[in-house]
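> Quick check, what structure comes out for this input:
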Amino acid sequence: MKIKRNTNYYAIACLTMALTLSACGSGGGSGPSVMPSPPVQPEKEQPQQPEEMPQPPAKPEAEAPQQPAPQPPVDPKPEQPQQPKPEEMPQPPVKPEAEAPKVPAPQPPVEPKPEQPKQPKPEEMPQPPAPQPPVDPKPEQPQQPPKPEDVPQQPDTRLKADQEALSKLEIKSPHSGGVLSSIPLKLVINDNNRKVELQVLPPHSFVGMPNLETLRDSDGKLIGYYGHVRYSEQSIDINKEEQASLRQYFLQDIDTSTRQQPGGMSDIAYQGKMIYRYDNNGNKADEATVKANYHWRDKTLDMRITTKDQDVWTLHNGKTQNSPAFVSVGEDGSIGGNLIFTHNQDSKPKFNGQFTGGLYGKNGSVLAGEASFVDRENGWKGVVGATAVPAPEKP
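Got it, this is the predicted structure:
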């Protein structure tokens, strides 16, 4: 509607101009009276019209290029900010205002980045306890040396204990009168295997290797030895000539101070051997397997000796097969009984020797003694040794 009003105004202005020109053409004197401001007054109102910025007013300017009047409409250009059209302008600023708060809002959540370096810091805190555990095993190392088994000085300690025990032992033959003080033999301890061995003094020499066994109790303490030896003894006869004589002995010696009756409430099993020789069998010595059992309830012992030919001696209280097949163990650990022999091809057992000995060492863990049978045709001699073995596990 505003656009129509402006067109009417310009039409009236054009008519007024035309009338003025026609008046000037009709007479010279009356012309100046017609030129006054009536057409100028509407020009003053023009500054209010420029509020509208539309391009249509530019068209009438082309119709009157010669007139100066159309120039004033150029002035309203600076008044463009007063136009009502800026109603549309507030809308764009409102939009950025709404967008402005949205933009800062996402920026603060981006700030947690500095918090990330704080997280690795607690991760570094648990690391210091990690080196602490390796510090604990260090005190455990000094605890290991006290173990006697790991101490390198133990071999010397054991050898020293063995030497002390060996000093209590002598070269004895239970079947030849006891101590053999005049024979050229010497007892020694092997440093490597801790076994008791024999040395022969020159010029004498062994005939074959001595068969000697070492006896140790459940604590490993040296208790004694037993075996058989043959050697050649050199001598000078009446004619001052050298001669050699064969000597052989059954040897056995036990530290009798360690003999005792076992204590506790459990049976004890023993295993070992008997080294023996028949009197009419020349110089040959044989071995037989020994198995025995101590019964703690009635303080008795049974023993069975088996040869390689499966001949068997059993320890009895009497001299007949019908007698109890066990003997009592004395309060001092002493043992004595009869041997009933059964040949593998003879079904009739018979008396065939005697056994004398005892239990020695810690809790009587060593069984030792001598056995023999005096007879012109079938006489024999031997020495027995056995040690306790772990009891079999019950099913």
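
> where does the stretch 51-200 of the chain have low pLDDT?
Judged by pLDDT under 70, the stretch 51-200 of the chain has its weakly predicted residues at 51-155.

> let's go with 80 and repeat that
51-156 (pLDDT under 80).

> tell me the mean pLDDT over the one helix or strand residue 289 maps to?
Assigned by DSSP states H and E, residue 289 falls within strand 286-295. Mean pLDDT, strand 286-295: 97.

> Can you list the helices and strands that it packs against?
Where contact means 3 or more Cβ pairs under 8 Å, 6 or more residues apart in numbering; DSSP states H and E, strand 286-295 is packed against strand 268-278, strand 300-306, strand 380-389. The way it works is simple: take the backbone N, C-alpha and C, and place the C-beta from them, glycine included.

> tell me the pLDDT at the nearest residue to residue 300 once chain neighbours are set aside?
Nearest non-adjacent residue to residue 300, counting by Cβ to Cβ, 6 or more residues apart in numbering: residue 326, 4.4 Å away. Per-residue confidence (pLDDT) for residue 326: 97.

> got TSV for the helices and strands packed on strand 286-295, with mean pLDDT and distance to residue 260 too?
TSV is the format used below for the helices and strands packed on strand 286-295 (pLDDT from 0 to 100; distance: least, Cβ to Cβ, whole Å):
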stretch	mean pLDDT	distance to residue 260
strand 268-278	97	12
strand 300-306	98	14
strand 380-389	97	13
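
> Residue 339 is nearest to which of those?
Nearest to residue 339 among those is strand 300-306 (7.5 Å), distances taken as Cβ to Cβ.

> report the angle between the axes of that closest one and strand 286-295?
With axes from the mean of the first three to the mean of the last three Cα atoms, to 10 degrees defining the directions, strand 300-306 sits at 160 degrees from strand 286-295.

> picking that back up, just the helices and strands packed on strand 286-295: most buried one?
strand 380-389 (a mean of 23; mean count of other Cβ atoms under 10 Å).

> if we can go back for a sec, what are the C-alpha coordinates of the strand holding residue 289, in CSV please?
The C-alpha atoms that make up strand 286-295 are tabulated as CSV, following Å, rounded to 0.1, in the frame of the first residue of the first chain:
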residue,chain,number,x,y,z
ASP,A,286,78.6,-117.1,50.2
GLU,A,287,75.8,-114.6,50.9
ALA,A,288,72.2,-115.1,52.0
THR,A,289,69.3,-112.6,52.3
VAL,A,290,68.1,-111.6,55.8
LYS,A,291,64.6,-110.4,56.6
ALA,A,292,63.4,-109.8,60.1
ASN,A,293,60.5,-108.1,62.0
TYR,A,294,60.3,-106.6,65.4
HIS,A,295,56.9,-106.7,67.0
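
> Which strands border that strand, and is each parallel or antiparallel?
strand 268-278 (antiparallel), strand 300-306 (antiparallel) (DSSP bridges).

> Count the residues that sit near residue 160.
Using other Cβ atoms under 10 Å, residue 160 has 10 neighbouring residues.

> Let me know the secondary structure of it.
helix (DSSP: H, G, I helix; E, B strand; the rest coil).

> From residue 304, how far out is the closest residue to residue 373 other than its chain neighbours?
Nearest non-adjacent residue to residue 373, counting by Cβ to Cβ, 6+ apart: residue 353, 3.6 Å away. Per Cβ to Cβ, to the nearest Å, residue 353 is found 13 Å from residue 304.

> list the buried ones in the top strand by length along the chain?
Criterion DSSP state E: the longest strand present in the chain is strand 222-236. Neighbour counts over strand 222-236 (16 or more other Cβ atoms under 10 Å) mark 222-231 as buried.

> List the contacts of the residue nearest to residue 373.
Shown in contact with residue 353 (Cβ atoms under 8 Å, 6 or more residues apart in numbering): 313, 338-339, 341, 371-373, 380.

> Apply 6 Å and report the result again.
Going by Cβ atoms under 6 Å, 6 or more residues apart in numbering, residue 353 touches 339, 371, 373.

> With residue 203 instead?
Applying Cβ under 6 Å, 6+ apart, we find residue 203 in contact with residue 234.

> From here on, call the first residue 9.
Shifting the count to begin at 9 puts that one at residue 211.

> What helix or strand is it located in?
Using DSSP H and E, residue 211 sits in no helix or strand.

> Regarding it, what are the backbone dihedral angles?
Main-chain torsions, residue 211, degrees, to the nearest 10: phi -90, psi 10.

> So what's the residue count around residue 221?
Residue 221 has 22 neighbours, counted by other Cβ under 10 Å.

> how about low-confidence regions in the stretch 209-358 of the chain?
290-292, 353-355.

> Break the chain into its domains for me.
Per the record, the chain has its domains at 10-95, 163-403, by automatic domain parsing.

> and the ones you listed, which is most packed in?
domain 163-403 (a mean of 16).

> what sits against the nearest residue to residue 371 once chain neighbours are set aside?
Excluding its sequence neighbours, the residue lying closest to residue 371 (Cβ to Cβ, 6+ apart) is residue 270, at 5.1 Å. Residues counted as contacts of residue 270 (Cβ under 6 Å, 6+ apart) are 276, 302, 371-372.

> Helix, strand, or coil at residue 270?
Put simply, residue 270 is coil when judged by three-state DSSP.
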